[in-house]
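Chemist: Just a sequence and a predicted model for now, questions to come.
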Amino acid sequence: MPETIHHSYMLRLWRERSAEPWRVTLIAVAQPNERRHFDTLEGWFAVLREQASVERGLNDDWNTTYCTPSESS
């Protein structure tokens, strides 16, 4: 029987002002001290698409290609 693979996240969406784009903080439930920050929803979507399409074992580390530098919450 194939092994089930899943990822659990807590997601925070916010905007500084109503005219500005949504920003995202993504926190992996298994690693609550490690946070990923995104300036756009498109960056966040790209990482989720990547997570869903990569073969098992290749997406264990959080790829920061689409992330912004770490920010305090």
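Modeler: Received it, and whenever you're ready, just let me know what you need. Not measured: the values here are computed from a predicted model.
Chemist: Where does the prediction get shaky in the chain?
Modeler: Applying pLDDT under 70 to the chain flags residues 1-2, 4, 54-73.
Chemist: all helices of it, in order?
Modeler: Using DSSP state H, the helices of the chain run over 41-53.
Chemist: Strands of that one, start to end?
Modeler: Remark: strands assigned in the chain by DSSP state E are 9-14, 23-28, 35-38.
Chemist: How about exporting stretch 35-49 as PDB, limited to the C-alpha atoms?
Modeler: Once non-C-alpha atoms are left out, stretch 35-49 reads as follows in PDB (Å, rounded to 0.1, in the frame of the first residue of the first chain):
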ATOM      1  CA  ARG A  35       7.600  30.600   9.000                       C
ATOM      2  CA  ARG A  36       7.500  31.500   5.300                       C
ATOM      3  CA  HIS A  37       6.400  35.000   4.200                       C
ATOM      4  CA  PHE A  38       5.100  35.900   0.800                       C
ATOM      5  CA  ASP A  39       4.500  39.400  -0.600                       C
ATOM      6  CA  THR A  40       1.800  38.100  -3.000                       C
ATOM      7  CA  LEU A  41      -0.800  35.400  -3.200                       C
ATOM      8  CA  GLU A  42       0.800  34.200  -6.500                       C
ATOM      9  CA  GLY A  43       4.100  33.400  -4.700                       C
ATOM     10  CA  TRP A  44       2.200  31.400  -2.100                       C
ATOM     11  CA  PHE A  45       0.200  29.600  -4.800                       C
ATOM     12  CA  ALA A  46       3.500  28.700  -6.600                       C
ATOM     13  CA  VAL A  47       4.900  27.100  -3.500                       C
ATOM     14  CA  LEU A  48       1.700  25.100  -2.900                       C
ATOM     15  CA  ARG A  49       1.700  23.900  -6.500                       C
END
